[in-house]
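1. Structural data only, the sequence is not supplied:
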């Protein structure tokens, strides 16, 4: 069992690395084909190794063995079954965040870093997390907007799963009841993201200083290290996302305080952490595939909006369905009702 568990984590790390490496290289399709088909350098070898790891992971997760995709299946099934109202409620915050908040700076960094001359620490930090007062204001507004609309989505989902019926008349009451629960968890996630991104930028700058030097573009070895560290960043942040997004329906349903909710959520997740990690991290494959080709163009706002919308829809469904599954709470949204009145 220990060996199998370690292999799962190995394939997961290799899968993330493949996604990031592909994203970094997809910005220039000509370079990608040249590297794969006409050279035998270390980059091309990594492509083939990670490609094999990617297929291995997907084969394992899509197989019935262990049902590793259980939570993804639940979230996707609910999202498509109730697509219209989830889409409409997630559209406004997704458009705002996609246009003004740069939701996928890590992916943009992987496409820009290889050709960027690093003069000082701010050269890296401005790519990973652009810092100015306008961006701070827009980010705060983004958190508020997401909190309002996601509280509507999760409130309606919770009612639907408990009663089996949808009632959009009480939509604004969900905001009144749930917005503080949603906001406190999103703010904690935002703080964790800032801390992790600052640490990532510091590590990348240190390695660039040692391997390439200031005033130079990164070497191939620098790019490889950047891929690995970005992979670690995504995995660690995804763990935090699992905890605090699952904590939202836990607090809404049981009326826990934040501290009680986090403690209870940790117990709920338990041995299902790996399955949840797969469910939460797989969307990054789609995000990287859409964002990378347009990372250096003026059309980046299009994949930003589309991917943010899909991520909000999927994560909302996944958080609520996985909570009901983990807590063994009966669901009534997927039961058929018959009218016997004649």
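-> Now that the structure is in, tell me what you want to look at. These numbers were taken from a predicted model, which means no experiment stands behind them.
2. Identify the residues contacting the closest residue to residue 118 other than its chain neighbours.
-> Closest residue to residue 118 apart from its sequence neighbours, by Cβ to Cβ, 6 or more residues apart in numbering: residue 208 at 5.2 Å. For glycine as for every other residue, the C-beta is placed from the backbone atoms N, C-alpha and C. Taking Cβ atoms under 8 Å, 6 or more residues apart in numbering, we find residue 208 in contact with 118, 124, 218, 222.
3. Which one of these is nearest to residue 291?
-> Closest approach between those and residue 291, by Cβ to Cβ: residue 124, at 18.9 Å.
4. picking that back up, helix or strand: which one has the residue nearest to residue 118?
-> Here residue 208 sits within helix 171-211, counting by DSSP states H and E.
5. Also residue 278?
-> Counting by DSSP H and E, residue 278 is part of helix 273-281.
6. any idea of the pLDDT on residue 16?
-> On the pLDDT scale, residue 16 is placed at 54.
7. is it true that residue 141 touches residue 96?
-> Yes: the criterion here is Cβ atoms under 8 Å, and residue 141 meets it with residue 96 at 7.4 Å.
8. Which of those two has more residues huddled nearby?
-> More neighbours surround residue 96 than the other of residue 141 and residue 96, with 19 against 14 (other Cβ atoms under 10 Å).
9. For the stretch 201-342 of the chain, give me the ranges with low pLDDT.
-> Counting by pLDDT under 70, the stretch 201-342 of the chain contains low-confidence residues at 335-342.
10. ok, 90 please
-> Applying pLDDT under 90 to the stretch 201-342 of the chain picks out residues 208-228, 230-231, 255, 270-271, 274, 282-286, 288-299, 329-342.
11. repeat for the stretch 1-150 of the chain
-> 1-70, 102, 107-133, 135.
12. quick one, helices of it?
-> Applying DSSP state H, counting those that start in this stretch to the stretch 1-150 of the chain gives helices spanning 2-26, 29-38, 42-62, 70-81, 83-100, 105-112, 121-128, 133-163.
13. Pull out the buried residues from the fifth one.
-> Within helix 83-100, the residues that qualify as buried are 85, 86, 89, 90, 93, 94, 95, 96, 97, 98, 100, counting by 16 or more other Cβ atoms under 10 Å.
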